[in-house]
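Colleague: I would like to see how this sequence folds:
(chains A, B, C and D)
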Number of protein chains: 2
Amino acid sequence: MAQAPPIDKRRQILDAAIRVFAHQGFHATRVSDIADEAGVAYGLVYHYFKSKDEVLNELFSQRWSLLLTAIEETDGSSATPRDKLAAVAAFIVESYRHDPELMQVIIVEVTRAANSFGRTHLPEIRQAYELIAKIVADGQGLGAFRDDIDPIFASMTFYGAIEQLLTGWIFDVIPSGDGDFERAKELVVTTVCDGLEPR
Amino acid sequence: MAQAPPIDKRRQILDAAIRVFAHQGFHATRVSDIADEAGVAYGLVYHYFKSKDEVLNELFSQRWSLLLTAIEETDGSSATPRDKLAAVAAFIVESYRHDPELMQVIIVEVTRAANSFGRTHLPEIRQAYELIAKIVADGQGLGAFRDDIDPIFASMTFYGAIEQLLTGWIFDVIPSGDGDFERAKELVVTTVCDGLEPR
DNA sequence: GAACCGATTGACTGGTCAGTCAGCCAGCTT
DNA sequence: AAGCTGGCTGACTGACCAGTCAATCGGTTC
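Modeller: Numbering: from 1, shown residues only, chains lettered A, B, ... in the order given. This is a model prediction of the structure:
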């Protein structure tokens, strides 16, 4: 009775949605596209999800909470402030390297779409900014960063720099070879941190 | 006969579109919203523009070409590389301060929407990245910036940082008092440039 | 084997809007 | 005053698509 079905159709639909959203964008994909891609009947999407929006909601929330947890854990570690920022940058870049389509959907359709869809998720997105700001603030307290910079402003520039790099990869504006990912991590930390540190 | 009409309806429509797009977002605004806001008949929008898209196109292209020109002129000046970047940051921030609604539309609906609408304008957007990259590359040639950083990567982080600050203002994530604009300009240049410069 | 139940199907509906078009009217020309 | 021109009007249409729902299927229980 409570036996799990051989194939998790719900998961199947989510995975199909990632692919379709990544290729066509959220607005341009019809629910039937998701169903077709998942090899599933149209109505089944509505059996598992309340609406098309809820599919994207789920994709975002699952992944974003991983990010928030990762930042919190990093912050709780005993690393230097600079290394903490490096860890955050690395986590985001690795997320993209590991699953570019999902990250593309999250960034393009939610994070960078605060006007339409992302508005619902502003609180969660803002939480990330604030966690990063906390790392900066602590770093200032330790004298590792200059204290004449508002932590939330520093956080925004830091996050914005990373997101722009991902966006560049997504839209093929900058090269995305394997070495490029490593260099990108260094770059963000190097530029932003060296600028943040007292001279 | 060729006498200019007392009120430029075309301009009136564009201005109304800025307001409506800024408040509701491009997708959520109906063409009738634009017409109503402009105090003009529905059909007149189609007298002056081929489509709803073309209204946004026009808003973007007009403004973006100003930005490209500004960057080019700055690059042609005799300022130091650092001051050139500062001038670019200042121009963008001032554009926002001067006309926040228009900049909001351009950033939210085009620049940050490379998936849907922005895709058409990727070449123009990329041009900005490349012009900034040129400033960085020249700076490296002069020994003003480290040369172990790919100019296009540096350009992306620089631009991304600025855009993220504007986004923060747009969505009220960070304070936008008068002093905040000035501090933001400094911040971007300070962090990014101090990180770029050789130690 | 009959009753039951959740998973699955896909045709259909209702509402929304971008874009069209047939015609109106103010002002100008002759 | 008759005719013309082009800015201007807004009701209408055609396409599209999210979401509904009645029906079917396959497996389990008694």
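
Colleague: Which strands and helices lie in contact with the helix or strand harbouring A:Ser155?
Modeller: Using DSSP states H and E, A:Ser155 sits within helix A:151-170. Contacting helix A:151-170 under the criterion 3 or more Cβ pairs under 8 Å, 6 or more residues apart in numbering or on different chains; DSSP states H and E are the following elements: helix A:81-98, helix A:100-105, helix A:122-141, helix A:178-196, helix B:151-170, helix B:178-196. Heads up, the C-betas are built off the backbone N, CA and C, glycines and all.

Colleague: And the last one, what's buried?
Modeller: Within helix B:178-196, the residues scored as buried using 16 or more other Cβ atoms under 10 Å in any protein chain shown are B:180-181, B:183-185, B:187-196.

Colleague: Ok, the second one next?
Modeller: Using 16+ other Cβ under 10 Å as the test for burial, helix A:100-105 gives A:101-105.

Colleague: hmm, back to that, what's the farthest-apart pair in the buried residues of helix B:178-196?
Modeller: With Cβ to Cβ as the measure, no two of the buried residues of helix B:178-196 lie farther apart than B:Asp180 and B:Leu196, at 23.7 Å.

Colleague: Can you tell me which of the buried residues of helix A:100-105 is nearest A:Phe153?
Modeller: A:Phe153 has its nearest neighbour among the buried residues of helix A:100-105 in A:Met103, at 24.9 Å by Cβ to Cβ.

Colleague: In contact with the closest residue to the closest one other than its chain neighbours, which residues are there?
Modeller: Take A:Met103 and drop its neighbours on the chain: the residue closest to it by Cβ to Cβ, 6 or more residues apart in numbering or on different chains is A:Tyr96, 4.4 Å away. Contacts for A:Tyr96 were tallied using Cβ atoms under 8 Å, 6 or more residues apart in numbering or on different chains; they are A:103, A:166, A:169, A:181.

Colleague: and which of those is nearest A:Ala41?
Modeller: Within these, proximity to A:Ala41 (Cβ to Cβ) peaks at A:Met103, which comes in at 29.1 Å.

Colleague: was I right about the closest one contacting A:Leu166?
Modeller: Yes. Using Cβ atoms under 8 Å as the test, A:Met103 is close enough to A:Leu166 to be in contact (6.5 Å).

Colleague: Could you check the pLDDT of the nearest residue to A:Ile107 once chain neighbours are set aside?
Modeller: Of all residues not flanking A:Ile107 in the chain, A:Leu166 sits nearest, at 5.8 Å (Cβ to Cβ, 6+ apart). Per-residue confidence for A:Leu166 comes out at a pLDDT of 96.

Colleague: One more: A:Ile7?
Modeller: The pLDDT attached to A:Ile7 in the predicted structure is 69.

Colleague: One more: A:Asp150?
Modeller: Confidence at A:Asp150, expressed as pLDDT, is 90.

Colleague: Was I right to think it contacts B:Arg183?
Modeller: Yes. Between A:Asp150 and B:Arg183 a contact is recorded at 7.1 Å, counting by Cβ under 8 Å.

Colleague: and which of the contacts of A:Tyr96 is nearest to A:Thr80?
Modeller: Distance to A:Thr80, by Cβ to Cβ, is smallest for A:Phe181 among the contacts of A:Tyr96, at 22.6 Å.

Colleague: Could you report the separation of that closest one from chain B?
Modeller: Separation of A:Phe181 from chain B (Cβ to the nearest Cβ, to the nearest Å) stands at 11 Å.

Colleague: What of A:Asn57?
Modeller: Relative to chain B, A:Asn57 is positioned 17 Å away (Cβ to the nearest Cβ).

Colleague: Name the SS class of the closest residue to that residue other than its chain neighbours, please.
Modeller: Nearest residue to A:Asn57, sequence neighbours excluded (Cβ to Cβ, 6+ apart): A:Thr120, at 7.4 Å. Three-state assignment for A:Thr120 (DSSP: H, G, I helix; E, B strand; the rest coil): helix.

Colleague: wait, does the longest helix along chain A make contact with DNA strand C?
Modeller: Secondary structure of chain A per DSSP state H: the longest helix is helix A:52-76. No. No part of helix A:52-76 sits near DNA strand C under the criterion Cβ under 7 Å from any atom of the strand; the closest distance found is 12.6 Å.

Colleague: Measure how that helix sits relative to helix A:122-141, angle-wise.
Modeller: If you take axes from the mean of the first three to the mean of the last three Cα atoms, to 10 degrees, helix A:52-76 sits at 10 degrees to helix A:122-141.

Colleague: Which neighbouring elements make contact with helix A:52-76?
Modeller: Identification of packing neighbours for helix A:52-76 by 3+ Cβ pairs under 8 Å, 6+ apart yields helix A:9-24, helix A:31-38, helix A:81-98, helix A:100-105, helix A:122-141.

Colleague: out of these, nearest to B:His27?
Modeller: Nearest to B:His27 among those is helix A:9-24 (14.8 Å), distances taken as Cβ to Cβ.

Colleague: what comes up buried for stretch A:139-157?
Modeller: With burial defined by 16+ other Cβ under 10 Å, the residues of stretch A:139-157 counted as buried are A:139-140, A:144-146, A:149-157.

Colleague: quick one: it to chain centroid distance?
Modeller: Its chain's average C-alpha position is 23 Å from that of stretch A:139-157, according to Cα atoms, centre = their mean, to the nearest Å.

Colleague: first vs last residue of it, how far apart are they?
Modeller: Using Cα to Cα, to the nearest Å, the end-to-end distance of stretch A:139-157 comes to 16 Å.

Colleague: And the contacts of it?
Modeller: Judged by Cβ under 8 Å, 6+ apart, the contacts made with stretch A:139-157 from elsewhere in the structure are A:80-82, A:84, A:129-130, A:132-137, A:192, A:196-198, B:161, B:164-165, B:168, B:173-174, B:183-184, B:187-188, B:190-192.

Colleague: at 7 Å what do you get?
Modeller: Surrounding stretch A:139-157, the residues in contact under the criterion Cβ atoms under 7 Å, 6 or more residues apart in numbering or on different chains are A:80-82, A:129, A:132-133, A:136-137, A:192, A:196-198, B:161, B:164-165, B:168, B:174, B:184, B:187-188, B:191.
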